[in-house]
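Q: Got a predicted structure here, sequence first:
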Amino acid sequence: MPTTTSETLSTPAKISLLWVFVSLNYIYCDVLGHMDRQVLQDYLAGEISGVQVTQPFLLAAGALVEISFVMALLSRLLPERANRRANLVAGAFLTAVQAATLTWGTVTIYYAFYSVIEIMGTGYVVWLAYRWRSGRP
């Protein structure tokens, strides 16, 4: 029975898996944040690192995370050229956003840990999309 290795996966499959990996890291980091007493108190007080937790803020945060969810799907469905471009843009954008959050407010050790993993994941998406050439799987 053949096994699936990194070499046998197509570029869209690799990128899609990376988006799933990054999404799970976003989610679990947020789950841990809800177990952190100080972060939970800040949420209940309605302010995180000086930012008011409002409905528009929560919508923006949801839309930001939705990018990685959508890209997991689009990486498997879009035609090659659009796929490459979408992954370059989404990956670069989310890498920059995640890196910027490390300079915002008080960063917990678990948040820094997950941020490094997320940055590496989205950075790898960008690298794969950049290296992806027409006709290559």
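A: Structure's in. What do you need?

Q: If I look at the spatially closest residue to residue 121 that is not a sequence neighbour, what pLDDT would I see?
A: Leaving aside its sequence neighbours, residue 121 sits nearest to residue 22 (Cβ to Cβ, 6 or more residues apart in numbering; 4.1 Å). Quick note: C-beta positions are derived from backbone N, CA and C, even for glycine. pLDDT for residue 22: 98.

Q: show me the contacts for residue 22.
A: 68, 94, 118, 121, 122, 125 (Cβ atoms under 8 Å, 6 or more residues apart in numbering).

Q: ok, so of those residues, who is nearest residue 43?
A: residue 118 (20.5 Å; Cβ to Cβ).

Q: Phi and psi next, for that closest one.
A: Backbone torsions of residue 118, given as degrees, to the nearest 10, read phi -70, psi -40.

Q: Show me which of the contacts of residue 22 is closest to residue 83.
A: Nearest to residue 83 among these is residue 125, at 11.3 Å by Cβ to Cβ.
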